[in-house]
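**Student:** next come a sequence and a model predicted from it.
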Amino acid sequence: MKTLIVYASQNGSTADCVNYLQSKLDGEVTVKKIDERLPKLDSFDTVIVGGSVHMGKIQRKITSFCRRNKRLLLEKNLGLFVCCYTAEGEEGFLESIYDEQLLSHAVMTSIFGGEMRYERLNFAFRKLFESLNKVEGFRQGFVEPEINYVEIEMFAKKLSA
Ligand SMILES: Cc1cc2nc3c(=O)[nH]c(=O)nc-3n(C[C@H](O)[C@H](O)[C@H](O)COP(=O)(O)O)c2cc1C
């Protein structure tokens, strides 16, 4: 079985999730960052697409990859994931990220959690989070994300089946 993983990562945590996912998948796995030259999808049985959420949105290049390749993706053993701090089960969240038809076609959709990696943020975002931390109640409503390795393992199992 041949698998292609196409992903985007701003600060590296999605890339780490993808490395872990790759190590858990059976068969031949090709990993490509969305900015790289991508192979034709025809030769893959399984395609996995993912990225990280920033200010409510996944990377634009992931959205346009999904749009451009929708017809082919609907013929594949498809997995969709995101890295973010939003917890599983928040109504309408994945629907705000991925195309509805792709979501219902996917064998599995997952939230892998993530890591904030404040040290890698640019000046504007560091300042934004510093300010938010001073707002009363912000910290209470915010759960620092962690990479959910168990979820990634379940995702890999489902996509390998
Ligand atoms: C500036 C910034 C904005 C973020 N915005 C959101 C958001 O709107 N919703 C969400 O669920 N997670 C949000 N996150 C959490 C990231 O999606 C999470 O940290 C993810 O692991 C980042 O992946 P990356 O390191 O591959 O970029 C945000 C993180 C940062 C640093």
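**Tutor:** Structure's in. What do you need? Not measured: the values here are computed from a predicted model.

**Student:** which residues of this protein lie near the ligand?
**Tutor:** Residues of the chain lying close to the ligand (CB under 6 Å from any ligand atom) are 9-14, 52-56, 83-86, 114-117, 121, 125, 145. All C-beta spots, glycine's among them, are computed from the backbone N, C-alpha and C.

**Student:** mind checking which of these are buried?
**Tutor:** Restricting the residues of the chain next to the ligand to buried positions leaves 9-11, 13-14, 52-53, 83-86, 114-116, 125, 145, with burial counted as 16 or more other CB atoms under 10 Å.

**Student:** now the helix or strand harbouring Arg139, how far from the chain's geometric center?
**Tutor:** Using DSSP states H and E, the element containing Arg139 is helix 138-141. The chain centre lies 24 Å from the centre of helix 138-141; the measure is CA atoms, centre = their mean, to the nearest Å.

**Student:** in that helix, which residues are buried?
**Tutor:** When neighbours are counted by 16+ other CB under 10 Å, no buried residue of helix 138-141 is found.

**Student:** residues near Gly51, how many?
**Tutor:** Residues contacting Gly51 under the criterion other CB atoms under 10 Å number 28.

**Student:** what are the ranges of the strands in this protein?
**Tutor:** 2-7, 28-33, 46-54, 57-58, 77-83, 108-111 (DSSP state E).

**Student:** including mean pLDDT, could those go into CSV?
**Tutor:** As requested, the strands of the chain are arranged in CSV below (pLDDT from 0 to 100):
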stretch, mean pLDDT
strand 2-7, 98
strand 28-33, 98
strand 46-54, 97
strand 57-58, 98
strand 77-83, 98
strand 108-111, 98
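
**Student:** many thanks, have a good one.
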